[in-house]
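Asks: what's the 3D shape of this:
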Amino acid sequence: MTTNQLKIKPLFSEEEIRERVTALAKQISGDMQDPNNLTAICVLNGAFIFAADLIRAINPGGFAVDFIRASSYLGEHSTGTVCVSCDLKQDIRGRDILLIEDILDTGHTLSALIRHFQDCGARTVKTAVLLDKPSRRVADITADYRCFEIPDDFVVGYGLDYNEQFRGLPYIGIVQTKTEQKNGVID
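Replies: Below is the predicted model:
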């Protein structure tokens, strides 16, 4: 499928995202016991916009930030095997971790990363996800913090992509193919 065959139906507006990220940041800030011991870790590439907005809303300079690249996806489908292609730069032994991910669906990636951080000596690991798709959950995991629950649709925007396209959309939308548009699968 090529990008010119796609139509994006808005699901969450820029304003809805901003309001929910702000509320989530307030909740996380209220739960933090020691902000100076916190390391926020963003899962690249999809979570980078969400992580930037969330981190600024929590506390613009009070804790460490790092990045990790991990995925269990090939195209639109999870392989069930998590590949870490770029690991952390910082030592997280004894640190409280806020793992920031774009979407929690099967749970393979978050579960593997939590184990990885625990093996690296993290004191605690909490998860914050932009989108939660529980209908696809395979692993026994629930996000500690989430912005939105979504149905089993393929979504893009606000950092999420389709073949590296649409990450820069300021909203989150459902991807429709021409066949779906023609058959009225998604209005």
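
Asks: now the helices for this protein?
Replies: Along the chain, counting by DSSP state H, helices occupy 14-31, 48-58, 108-119, 178-183.

Asks: Show me what counts as buried in the longest one.
Replies: Of the residues in helix 14-31, those scored as buried under the neighbour-count criterion (16 or more other CB atoms under 10 Å) are Ile17, Val21, Leu24, Ala25, Ile28. No exception for glycine: its C-beta is placed from N, CA and C like everyone else's.

Asks: before we move on, the earlier item: would you mind saying which of the helices of the chain lies nearest Val65?
Replies: helix 48-58 (6.2 Å; CB to CB).

Asks: show me the contacts for the most centrally placed residue in the chain.
Replies: Compute the mean C-alpha point of the chain, and by CA atoms, centre = their mean the closest residue is Asp102, 1.3 Å away. Asp102 makes contacts with Val43, Gly46, Ala47, Phe50, Val129, Leu130, Leu131, Gly159, Leu160, as judged by CB atoms under 8 Å, 6 or more residues apart in numbering.

Asks: Please repeat the previous calculation with a cut-off of 7 Å.
Replies: Shown in contact with Asp102 (CB atoms under 7 Å, 6 or more residues apart in numbering): Gly46, Ala47, Phe50, Leu130, Leu131, Gly159, Leu160.

Asks: What of Gln118?
Replies: Gln118 neighbours (CB under 7 Å, 6+ apart): Val125.

Asks: if you set the cut-off to 10 Å instead, what comes out?
Replies: Ile92, Ile97, Thr124, Val125 (CB atoms under 10 Å, 6 or more residues apart in numbering).

Asks: ok, now Ala23?
Replies: Ala57, Cys147.

Asks: try Lys133
Replies: Residues near Lys133 by CB under 10 Å, 6+ apart: Ile103, Leu104, Asp105, Thr106, Gly107, Phe148, Glu149, Ile150, Pro151, Asp152, Asp153, Val155.

Asks: repeat that with 8 Å
Replies: Ile103, Leu104, Asp105, Glu149, Ile150, Pro151, Asp152.

Asks: And the first one, how far from Asn163?
Replies: When distances are taken as CB to CB, to the nearest Å, Ile103 and Asn163 turn out to be 16 Å apart.

Asks: Which one of those two is surrounded by more residues?
Replies: With neighbours defined as other CB atoms under 10 Å, Ile103 and Asn163 compare such that Ile103 has more, 25 against 12.

Asks: what are the bridge partners for the residue nearest to that one when sequence neighbours are not counted, then?
Replies: Excluding the flanking residues, the one nearest Ile103 by CB to CB, 6 or more residues apart in numbering is Leu131, at 4.3 Å. Assessed by DSSP bridges, Leu131 has beta-bridge partners Ile103, Phe148.

Asks: residues contacting Leu131?
Replies: Counting by CB under 8 Å, 6+ apart, Leu131 has contacts Asp102, Ile103, Leu104, Arg146, Cys147, Phe148, Glu149, Ile150, Val155, Leu160, Ile172.
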